[in-house]
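In: here is my input, please return the structure:
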Amino acid sequence: MAERTGAPRVSCVFVCHDGRGRALPARRGAGARDEPGTWDCGAGALEFGGTFEAAVAREMYEEYRATPLEIARPDVRNVLRGEPVVSHWVAVVSAVRVRPDRVRIGEPHKCDEPGWFAPDALPSPLHSQCAATLALLPAER
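Out: Below you'll find the predicted structure:
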């Protein structure tokens, strides 16, 4: 979990989909920053001077060794974790269409298993932030 600071961090969260209704969460591995063993979407920090799309493309390649076919930015989440708050992120959430046959785990220490799932058949347990992220995406993806 990010350390408590005076300003929120910006994270570019992405939900990979196949354009046919299936999403690609991955199971977080033992080396994940938090909640290992849970299923989650991909994400990475926005770098100074970078664009949301560049951050998503960079992180998608690092995590899944795939390149986006299409990036849609549907929404933003204000993520406060802990009581009292110890982590504050502004999550820019993108839906990213990708070719399923091009996906493979690029950071096995962080994620150990990808999977394609329909919205009504998601794996369990989900990361504590995953359901709220998926709820932002349009149903027709």
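In: I'd like to know which elements the longest helix anywhere in the chain is packed against.
Out: As assigned by DSSP state H, the longest helix anywhere in the chain is helix 52-64. Helix 52-64 sits against strand 9-17, strand 42-45, strand 70-81, strand 87-97, with contacts defined as 3 or more CB pairs under 8 Å, 6 or more residues apart in numbering; DSSP states H and E. The way it works is simple: take the backbone N, C-alpha and C, and place the C-beta from them, glycine included.
In: for it, buried residues please.
Out: 52, 55, 56, 57, 59, 60, 63, 64 (16 or more other CB atoms under 10 Å).
In: and the residue nearest to the last one when sequence neighbours are not counted, how far is that from residue 65?
Out: Yep, that's residue 64 we're talking about. The shortest distance from residue 64 to any non-neighbouring residue, by CB to CB, 6 or more residues apart in numbering, is to residue 103 (4.8 Å). Distance of residue 103 to residue 65, given as CB to CB, to the nearest Å: 7 Å.
In: more neighbours, these two?
Out: Per other CB atoms under 10 Å, whichever of residue 103 and residue 65 has more neighbours is residue 103, with 20 against 13.
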